[in-house]
Every structure is written in structure tokens, then in C-alpha cells.
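# My questions concern the predicted model and sequence given below.
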Amino acid sequence: MVLPGNVDDDGFVQAGDEALSTIEDELGAETRSVDGVASETESLETAIRELAADEPDLLIVHGGQGSPAAADVAPEHPDVAFAVTQGSVTGPNLASYVVLQEQSAFLAGAAAGLLTESDVVGHISGIRVPPGLKGRAAYAAGVEHTNPDATLLTTFAGDQDDADLARRVAEAQIEQGADLIFTMLNAGRSGAITAADEHGIELFGNVGTWYPEHPETFAGSAVADVGIGAIEAARDLENGDWQAGRIVEIGLEEPEAVRLSLAPDVPDDVRKRVDSLAERIVAGDLAVETDYDGPEFDPLDAE
């Protein structure tokens, strides 16, 4: 597995690393990984080629930012099955496995719209990768769905792991009235937690659940276990179900992978509304928006 970042980021990369351990334990597979790879196509291609040289049965590139690199390298190793988690590419020996984090992000937005008292909610992410952009759009749509009068402050800060940067962005949004902020971050999330605790506002997390570790801070989390895609790819190969040339989507119909986790003190009426929306999404009666063309919040302009 190629991992674009550090495995102790408390987020996306860690989920991939944990998935690799599950694959090893559950399937008895021999595994190898390269982590700490920069999220740039050239660096990712180098890491992919390093692992592909061993001709493994399956090579997983974790993260949609690896899509171009995987598409370039896969033809060089036609006997290797390639999978990209959160990817958008296919080929004769290449498939993508996508956990639809935009679905739980929509529900987080819907809950934020119902819970906000100031009618101002925030969103902070780092780099502009397609899954992050889709998640932001879905969150915005969720807020609009339940609270069309709310104002959304949304910022891509440029770094998933810079805690001080995330703290400063969160503080700027809080100064503009945000009382709930959706944090689509990795190690940088700790900075947003610090700001939230100091100013007495709440956060929504993503990827995993966050309330158990920070019960005073998180109203909930848009759970999207992006490691599930890697596990499903390995299971498919083991069970003879592997098919190249396709994009496998995993959404709310598999709640162990995608769901909105809410803190125990969230009111029942909010839970019921969110559950109803989730049911409509699974049934195909409610489409989740994945494009956003609204305003963005620049913390520097607020100073």
C-alpha cells in the first residue's frame, strides 16, 4: 500500500494503515507499505513503482490524489491488480474503491443546520482533493437543506496536518459567529479542537468517531472509514470477485463504513430528522450535491 502522508495523522492515512493491518490479520496476507509519501504525482509514481517491482497480487494506492499516478504506472505491470481508494480511475488492471464520505458529510451539515444557535456554521479542510471538495459541497447542501437562513464559512487552509494553521482558521470563523465547525482534517484537527475548547463552541469530525475522545468538543462526526475501500478490494481479490475497470461505491447502506455519529446529548428530534434523511439517501429519493460554487471564507480578510 502507498500512503500519502504519516500513519499517525489521526485521520485519513491512519485509516489506510489500519486497513492494511486488518487485511493482514483477516486474510493472512503478506503486506508491505510505503508511507510519508508527498501528495504529488511524481512522488506517488516513485512509491508505486517501488512496490510494483515486487509484482504483488494487489497494490493499493490510498487516496484519490494517487489516481493519476496509479493510472500511469498500472499499465507497466499488467499482472498486478491495482486499486485506488477514493479514486476516480479505471483500467485493464485498475479499479477504484470509493467510500462516499459526502453522504455522511451531508448529514453533518443537516445536523449543524438544526443545532446552530447563531445561524453561522463553519467548515475547515486542508488540500483540495476531489473527496474533500465533494464533502464540502455535501456539507453545504446539508446545511441549506435544514436551515436555508444559515451562513456557511468554508475554508481550505492548504494543509491537512498543520495544527496551528487550523487553530487560527477556526478562531477566525468563531470570531465571525460560527458555533459549529466541520473539521475535514488530519493531524491539524487538534488545532481546531484547541480553538473550540477555548471559545466554547462545538465541532463535527470526519473519518472516525471523535466524541469518545473529546466529549466536550464534538457534537458528532461524519464517519467515513476510508480504509474499508482497501479492505473490500483485498476481499474481492481473495474471493475471486475482483474486477478491473470499475469504480466500487460504498455508502450509507453500509453503516460500518459510512454514517453520522452524534453525541449523546443531541436532541431526539435532530436524530430523527437526520435518520430520515439517511433513509431517503439510501433509497435513492434524495441526491447528495457534490459541487459547490458558493463563497469561501478567507481568514486573512477577517483580520
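Arrived safely.
# Tell me, how many residues neighbour residue 255?
If you count neighbours by other CB atoms under 10 Å, residue 255 ends up with 14. C-beta: built from backbone N, CA, C; applies to glycine.
# Any figure for the gap between it and residue 275?
11 Å (CB to CB, to the nearest Å).
# For the stretch 1-150 of the chain, which segments are assigned as strands?
58-62, 81-85, 94-99, 120-125 (DSSP state E, counting those that start in this stretch).
# want to throw the ones you listed into TSV with distance to residue 7, mean neighbour count and mean pLDDT?
Shown next, in TSV, are the strands of the stretch 1-150 of the chain (distance: least, CB to CB, whole Å; neighbours: other CB atoms under 10 Å; pLDDT from 0 to 100):
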stretch	distance to residue 7	mean neighbour count	mean pLDDT
strand 58-62	10	27	97
strand 81-85	14	28	98
strand 94-99	18	24	97
strand 120-125	20	28	98
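# and of the ones you listed, who's closest to residue 228?
strand 94-99 (5.6 Å; CB to CB).
# And the helices in the stretch 51-200 of the chain?
Ranges of helices in the stretch 51-200 of the chain, per DSSP state H, counting those that start in this stretch, are 67-73, 101-115, 130-146, 163-175, 189-199.
# among these, which is the most enclosed?
Highest mean neighbour count among these (mean count of other CB atoms under 10 Å): helix 101-115, with a mean of 29.
# now that helix: mean pLDDT?
Mean pLDDT, computed over helix 101-115, is 98.
# ok and it relative to helix 130-146, angle-wise?
Helix 101-115 and helix 130-146 meet at an angle of 30 degrees, taking axes from the mean of the first three to the mean of the last three CA atoms, to 10 degrees as the criterion.
# tell me how far helix 101-115 is from the chain's mean position?
Centroid separation for helix 101-115 versus its chain: 13 Å, with CA atoms, centre = their mean, to the nearest Å.
# pull the CA atoms of that helix into PDB?
Extracted in PDB, the C-alpha atoms of helix 101-115 (Å, rounded to 0.1, in the frame of the first residue of the first chain):
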ATOM      1  CA  GLN A 101     -17.900  10.400   2.600                       C
ATOM      2  CA  GLU A 102     -20.100  13.100   1.000                       C
ATOM      3  CA  GLN A 103     -23.200  11.200   2.300                       C
ATOM      4  CA  SER A 104     -22.200  11.400   5.900                       C
ATOM      5  CA  ALA A 105     -20.900  15.000   5.300                       C
ATOM      6  CA  PHE A 106     -24.400  15.900   4.100                       C
ATOM      7  CA  LEU A 107     -25.900  14.500   7.300                       C
ATOM      8  CA  ALA A 108     -23.400  16.500   9.300                       C
ATOM      9  CA  GLY A 109     -24.400  19.700   7.500                       C
ATOM     10  CA  ALA A 110     -28.100  18.800   8.100                       C
ATOM     11  CA  ALA A 111     -27.400  18.300  11.800                       C
ATOM     12  CA  ALA A 112     -25.300  21.500  12.000                       C
ATOM     13  CA  GLY A 113     -28.200  23.500  10.400                       C
ATOM     14  CA  LEU A 114     -30.500  22.200  13.100                       C
ATOM     15  CA  LEU A 115     -28.200  22.600  16.000                       C
END
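# Which elements pack onto that helix?
strand 120-125, helix 130-146, strand 180-184, strand 202-207, strand 218-224, strand 258-262, helix 268-283 (3 or more CB pairs under 8 Å, 6 or more residues apart in numbering; DSSP states H and E).
# re the thing from before, the strands of the stretch 1-150 of the chain into CSV, with extra columns for distance to residue 170?
Output for the strands of the stretch 1-150 of the chain, formatted as CSV (distance: least, CB to CB, whole Å):
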stretch, distance to residue 170
strand 58-62, 27
strand 81-85, 28
strand 94-99, 26
strand 120-125, 6
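# Make TSV out of the helices of the stretch 51-200 of the chain and add distance to residue 42.
TSV is the format used below for the helices of the stretch 51-200 of the chain (distance: least, CB to CB, whole Å):
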stretch	distance to residue 42
helix 67-73	8
helix 101-115	27
helix 130-146	19
helix 163-175	25
helix 189-199	28
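# To residue 265, which of the ones you listed lies closest?
helix 101-115 (10.4 Å).
# quick check: angle from the closest one to strand 202-207?
Using the same axes, to 10 degrees: helix 101-115 against strand 202-207 is 170 degrees.
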